[in-house]
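[1] Any chance you could fold what I've pasted below:
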Amino acid sequence: MSEGVTEQNSDWQPTACNLCYANCGILVKTGGEDGRSIIKVKGDRDHPASRGYICNKAAQINFYQSGKDRISQPQRRRADGGYDAISWEVAIQEIAEKMSAIKATYGGDKIFRYGGGGQGNHLGGSYFSSVSKALDMRFQSNALAQEKTGYAWMMGRMFGTNVHGEMEHTQCLFIVGKNPWQSNSIQRARVLLKEVSQDPDRTLIVVDPRRTESAELADIHLAVKPGRDAWALSAMIAHVIQQSLIPMDWLHDNVLGLERVLERFSDIDVDGYAAFAGLNPADVRAAAEAIAKSKTSAYYEDLGVQMAPHSTLLSYLNLLMMTITGHFGRPDTLAPLKSLIGQFFALHDVAEADDAGYEPQGRRSPVVGARIVGGLVPCNVIPEEILTEHPNRYRALWVESGNPCHSLADSQRWREAMRKLDLSVVIDVSMTETAREADYVLPASSQYEKWESTFFNFEYPENHHHLRAPVCPPMSGTLSEPEIHARMIEALRPFELAEIEPLKAIAQQGLETFSPAMFEAITKHPHWGPYLPYILYRTLGPALPEGAQQQHPTGCWRSASPPSIPKPSCGRASVAKVWPLATRCLRLFCRAAQGLSSPRAILLAASKSLALRTTKYALP
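    As a prediction, this is how the structure comes out:
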């Protein structure tokens with residue numbers, strides 16, 4: 001405990017770390033002069049996914065919660081580059097008027113969104129969909145577009161769904177371009193690496209140019225030359241094909257395009273490819289055989305290859321290595337991912353391919369013509385889409401839980417692009433590098449000051465949705481993202497807001513009364529479809545206990561929509577499909593909350609009601 005910090009809450013409170021996708025469960029104690037500092041952290045042994053695991057990042061979480069650059073009032077940029085504090089009323093009204101003017105003059109497709117959730121602001125980000133619809137926004141991006149879209153492209157075209165490996169119990173674990181010992185980003189990373197390394201019946205393979213901590217534990221470390229991973233992986237695939245180590249019967253029954261793959265890899269010079277990759281051919285062959293001969297194998301790839309030369313090709317080769325050896329659709333292998341929010345990477349942009357496999361008709365960015373993958377504009381072309389006199393250039397930028405001026409390539413060009421814009425708005429907890437370039441900065445409450453949830457629940461065959469309560473009061477002057485977006489909708493007025501007034505009173509009577517009334521209202525007002533997050537927030541939200549309206553309505557609504565069910569839209573048919581599932585989920589939550597007086601009790605009950613447990617998939 002640092003000098004001058006006093007412990008004010010003697011109870012350990014459950015929450016989660018927000019510094020990587022794993023969102024490991026942690027227990028915290030709060031204190032300090034204002035009671036909002038996190039002064040002690042330990043792993044939560046009752047958390048079903050992380051089971052008490054904690055890394056060095058979570059131990060320092062107070063640097064996020066109590067950072068010196070946190071802001072507590074909306075800021076408006078002056079002509080000299082400084083900022084003036086303004087009221088929320090002024091900020092919301094001015095932003096709404098200026099955004100509406102840009103939409104009216106140039107079209108909503110000229111308003112660009114970057115970010116939208118971050119590792120710990122998932123539920124809040126989901127409320128932006130109502131604002132996006134009100135402004136008719138069409139283009140967006142986030143950090144995933146510089147690292148994961150090649151992987152998303154290959155998953156969508158190889159499997160038609162998102163996939164993920166079950167690493168905890170697999171016999172052969174294959175890690176490419178990642179050092180989980182330091183970066184973590186998988187559940188119980190160091191524990192898992194040790195378990196696999198120390199088990200004589202399991203094999204750990206690491207592909208990395210460096211002798212990392214993870215590589216030190218590996219049974220086989222392929223220290224590939226930087227930029228030549230594609231040759232190493234191609235040699236591994238070629239070896240198992242040429243040595244007839246692949247399950248031909250299974251492949252004939254379950255895959256398409258096998259003949260072309262066999263033809264292409266049958267002629268590869270395994271030793272030559274391995275040598276070009278800087279590897280001993282014997283090590284490459286040993287790694288390939290370990291995967292092929294194991295009863296089960298799973299793999300994990302990350303930024304070391306996803307932000308490297310030939311990244312999309314590397315994702316293809318990694319997925320092909322698992323598939324060609326039959327490690328798909330069985331326990332402890334690779335399988336379709338079932339997450340709370342459905343498909344993590346959008347698949348709607350899969351276009352018709354020509355004979356060579358190209359998709360010339362795919363959706364593209366308006367100025368540069370860059371291919372949009374997973375619904376995201378490539379990060380590195382965004383400044384080019386702004387720094388031009390092209391009539392279709394982006395004219396306004398909305399940034400939420402993102403810091404592109406710091407995290408993306410060519411920071412100076414990003415700053416120039418923001419100065420070119422007619423309007424830029426940033427929602428964040430801190431005065432980031434991007435916020436310092438924005439016309440308006442709106443201060444958000446931190447993830448520990450509001451209800452939050454886990455969306456990156458990628459584990460297989462079990463994954464868990466962690467709904468968690470705030471551990472401390474919000475910083476004075478800040479608002480949660482749902483409240484910010486609700487106020488923005490009320491300033492934009494995309495429909496007659498008085499239409500929802502009767503539902504506010506009905507919600508106080510309980511869910512059994514609210515559910516049919518809500519369904520009837522949606523049928524009468526189909527134009528509500530895109531604004532359901534806002535409507536639920538303002539109607540059902542206040543009826544939930546202890547301020548839980550900040551997160552629960554949309555969280556419950558989203559959890560009611562599996563991948564096969566479309567999100568609500570203006571059409572009555574789609575609403576009719578979604579609503580029974582939504583009311584069922586909302587009923588689960590409200591029943592769990594009835595008679596519970598504390599956020600902790602509500603959290604436990606709601607988490608049990610909304611917990612996800614995937615089934616194991618087999619290919620048809």
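[2] where does residue 72 land in three-state SS?
    coil (DSSP: H, G, I helix; E, B strand; the rest coil).
[3] and residue 425, what element?
    strand 423-428 (DSSP states H and E).
[4] C-alpha coordinates for that strand, CSV please?
    Provided in CSV are the C-alpha atoms of strand 423-428 (Å, rounded to 0.1, in the frame of the first residue of the first chain):
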residue,chain,number,x,y,z
LEU,A,423,-15.5,17.3,-36.1
SER,A,424,-13.9,14.7,-33.7
VAL,A,425,-15.3,13.3,-30.5
VAL,A,426,-13.5,11.0,-28.0
ILE,A,427,-15.1,9.1,-25.2
ASP,A,428,-12.5,7.8,-22.7
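[5] Extract the residue ranges of the chain that are flagged as low pLDDT.
    Applying pLDDT under 70 to the chain flags residues 1-10, 117-121, 338-346, 457, 546-620.
[6] Which helix or strand contains the residue nearest the centre of it?
    Geometric centre of the chain, nearest residue: residue 456, 5.5 Å, by CA atoms, centre = their mean. If you go by DSSP H and E, residue 456 is not part of any helix or strand.
[7] I'd like the next helix or strand past the strand holding residue 425.
    The helix or strand immediately downstream of strand 423-428 is strand 440-443, counting by DSSP H and E.
[8] so what does that next one touch, helix or strand wise?
    strand 75-77, helix 88-106, strand 423-428 (3 or more CB pairs under 8 Å, 6 or more residues apart in numbering; DSSP states H and E). Yep, even glycine has a C-beta here, placed from its N, CA and C like the rest.
[9] Just send those back as CSV, with distance to residue 471 and mean neighbour count too.
    CSV is the format used below for those (distance: least, CB to CB, whole Å; neighbours: other CB atoms under 10 Å):
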stretch, distance to residue 471, mean neighbour count
strand 75-77, 27, 19
helix 88-106, 24, 17
strand 423-428, 20, 24
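[10] which one of those lies closest to residue 50?
    Proximity to residue 50 (CB to CB) singles out strand 423-428 among these, at 26.5 Å.
[11] Pairing partners for that closest one, with directions?
    Using DSSP bridges, the strands paired with strand 423-428 are strand 396-400 (parallel), strand 440-443 (parallel).
[12] Can you tell me how far the residue nearest to the centre of the chain is from residue 405?
    With the distance defined as CB to CB, to the nearest Å, residue 456 ends up 24 Å from residue 405.
[13] give me the number of residues near the residue nearest to residue 225 when sequence neighbours are not counted?
    Take residue 225 and drop its neighbours on the chain: the residue closest to it by CB to CB, 6 or more residues apart in numbering is residue 278, 3.5 Å away. The local packing of residue 278 (other CB atoms under 10 Å) involves 15 other residues.
[14] my guess is residue 278 meets residue 222, correct?
    No. Residue 278 is not in contact with residue 222 according to CB atoms under 8 Å; the separation is 9.2 Å.
[15] could I get the strands paired with strand 423-428 as CSV with distance to residue 190?
    Below are those laid out as CSV (distance: least, CB to CB, whole Å):
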stretch, distance to residue 190
strand 396-400, 33
strand 440-443, 36
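[16] Mind checking these for the one nearest to residue 531?
    Per CB to CB, nearest to residue 531 of the strands paired with strand 423-428: strand 396-400, 17.2 Å.
[17] After the closest one, which helix or strand is next?
    For strand 396-400, the succeeding helix or strand toward the C-terminus, using DSSP H and E, is helix 404-407.
[18] what angle do whichever helix or strand comes after that next one and strand 396-400 make?
    Next helix or strand after helix 404-407 toward the C-terminus (DSSP H and E): helix 411-420. Helix 411-420 runs at 120 degrees relative to strand 396-400, counting by axes from the mean of the first three to the mean of the last three CA atoms, to 10 degrees.
[19] tell me how far the ends of stretch 129-147 are from each other?
    Taking CA to CA, to the nearest Å, stretch 129-147 runs 24 Å from one end to the other.
[20] before we move on, back to that, how about the helices and strands packed on strand 440-443 in JSON lines, adding distance to residue 319?
    Compiled in JSON lines, these are given as follows (distance: least, CB to CB, whole Å):
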{"stretch": "strand 75-77", "distance to residue 319": "45"}
{"stretch": "helix 88-106", "distance to residue 319": "41"}
{"stretch": "strand 423-428", "distance to residue 319": "35"}
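[21] coming back round to it: I'd like to know how far the residue nearest to the centre of the chain sits from residue 211.
    29 Å.
[22] And residue 370, by the same measure?
    Going from residue 370 to residue 211 by CB to CB gives 37 Å.
[23] These two: which has the busier surroundings?
    Ranked by neighbour count (other CB under 10 Å), residue 370 and residue 211 place residue 370 first, with 18 against 12.
[24] what sits against that one?
    Listed by CB atoms under 8 Å, 6 or more residues apart in numbering, the contact set of residue 370 reads 364, 377, 378, 381.
[25] how close does it sit to residue 304?
    Residue 370 is 24 Å from residue 304, by CB to CB.
[26] host element of residue 33?
    Under the criterion DSSP H and E, no helix or strand holds residue 33.
[27] make that residue 27, sorry
    Short version: residue 27 belongs to strand 25-31, going by DSSP H and E.
[28] Downstream of that strand, the next helix or strand is which one?
    Once the chain leaves strand 25-31, the next helix or strand it forms, by DSSP H and E, is strand 37-43.
[29] Tally up the residues packed near residue 355, please.
    The burial count assigned to residue 355 is 5, neighbours taken as other CB under 10 Å.
[30] Is it in a helix, a strand, or coil?
    Classification of residue 355 using three-state DSSP returns coil.
[31] Residue 428 contacts residue 440, doesn't it?
    No. Counting by CB under 8 Å, residue 428 sits too far from residue 440 to count as a contact (11.5 Å).
[32] Please enumerate the shared neighbours of the two.
    Shared contacts of residue 428 and residue 440 (CB under 8 Å, 6+ apart): none.
[33] For residue 523, find the nearest of the strands paired with strand 423-428.
    When those are compared by CB to CB, strand 396-400 sits nearest residue 523, at 31.9 Å.
[34] For that closest one, which outside residues touch it?
    98-99, 102, 110-117, 121, 125, 128, 137, 386, 418, 421-428, 434, 438, 481.
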